[in-house]
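Participant: Here's my sequence, what's the structure:
(one chain, ligands or ions: 1)
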Amino acid sequence: MKNSLAVVTGASSGIGRAYALFLAAKGYDLILIARRSEALELLTKEIKEKFPVNVEFLTADLSNRDGVDSVLAKINNRNTDVLVHAAGFGTRGHLADLPIEELEKQVYLHDVTATLLTRAVLPGMTERNTGFIIFISSMAAFLTTAEYPVYSATKSYLNILATGLRDELAGTGIKVQAVCPGLTRTGFMHTEYYKDFDYSAVPDMFWMEPEEVVEESWRRLTHRYKPVVVSGRMNRIFLNTLQFPVLGNLIRTLMGRASRRRVAKGLPPAF
Ligand SMILES: NC(=O)c1ccc[n+]([C@@H]2O[C@H](COP(=O)([O-])OP(=O)(O)OC[C@H]3O[C@@H](n4cnc5c(N)ncnc54)[C@H](OP(=O)(O)O)[C@@H]3O)[C@@H](O)[C@H]2O)c1
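Facilitator: Model (predicted):
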């Protein structure tokens, strides 16, 4: 019998890579997408050695229409059962200072690509009345600070998109989820933007492994489904605390004040 098919963007590293391995272990055939072909080739080899599934990869820059079109051509006429959109990157800096091209790519990659890929796979899923669509969003969708408003806004878009689609797809077998990790040990911070990142500012208990993010995301698709899922107990406790009227306001005020103070002193953000 033919295996089901999963399409994973951002599969060359971090959470996307972990999702690809997880789905291969579950018996899904895979189409892996990212820009680094060498990493995709190595992962393809690793998966084929470990699991009895078919794996193809596609090298594409998904921060523009040409890259997205190449994915659409690849998945056209194929039944996609799972779509994971993990491709993404962080920016860190004042909006007025960030390169215009970087901002444009970020908004396109996180939001336009998520929307167009979802648009491409939904008709087939609707016909078969089954499918999972997973956007890797972020805790940043719920709180922002200086130097992160655009990144946070792109992730809020994914949460809203998943929530609206939950309603649009009610009564079908299709589930859309925006999973919101907090700090996760991946390649995300191995960039110029994060070269002065103060790791010690965040206690160890708030860090997660990509595999933990993936397992929880999948569990919440199949049990007690919600369109927006915050990864990890500590992250959920932190966000819930922010909802308390007095304590939440106090924490938000202190965080905002600390952020503005660092900006005034010309220091990078604490996290
Ligand atoms: N790590 C965290 O702390 C954290 C927290 C919250 C949310 N997230 C989100 O998690 C998602 C996955 O990131 P990660 O943490 O796993 O980081 P990562 O290890 O850096 O992985 C990012 C992936 O996105 C791909 N990618 C980046 N730009 C791309 C482009 N223009 N076109 C196609 N693929 C592109 C990268 O592949 P190539 O470079 O090969 O193209 C890589 O596979 C991101 O959306 C990120 O915003 C991460």
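
Participant: residues near residue 205, how many?
Facilitator: 11 (other C-beta atoms under 10 Å). Bear in mind the C-beta positions are built from the backbone N, C-alpha and C, glycine included.

Participant: Would it be right to say that it lies in a helix?
Facilitator: Yes: counting by DSSP: H, G, I helix; E, B strand; the rest coil, residue 205 is found in a helix.

Participant: what's the helix or strand for the closest residue in space to residue 141 that isn't next to it in sequence?
Facilitator: Once flanking residues are discounted, residue 141 sits nearest to residue 155: 3.8 Å by C-beta to C-beta, 6 or more residues apart in numbering. Using DSSP states H and E, residue 155 sits in helix 149-168.

Participant: partners of the helix or strand that that helix is followed by, with directions?
Facilitator: Later in the chain than helix 149-168, the nearest helix or strand by DSSP H and E is strand 174-180. Take DSSP bridges as the rule and strand 174-180 pairs in its sheet with strand 131-136 (parallel), strand 228-230 (parallel).

Participant: Close to the ligand: what parts of the stretch 101-250 of the chain are there?
Facilitator: By C-beta under 6 Å from any ligand atom, the residues of the stretch 101-250 of the chain that approach the ligand are 109, 136, 138, 181, 183, 184, 186, 187, 188.

Participant: hmm, which two among those are most spread apart?
Facilitator: Farthest pair in these (C-beta to C-beta) is 109 and 183. Separation: 20.4 Å.

Participant: Now do the helices in the stretch 51-200 of the chain.
Facilitator: Here the stretch 51-200 of the chain has its helices, by DSSP state H, counting those that start in this stretch, at 65-75, 100-107, 113-128, 149-168.

Participant: now the third one against helix 149-168, angle please.
Facilitator: Direction vectors for helix 113-128 and helix 149-168, defined by axes from the mean of the first three to the mean of the last three C-alpha atoms, to 10 degrees, enclose an angle of 10 degrees.
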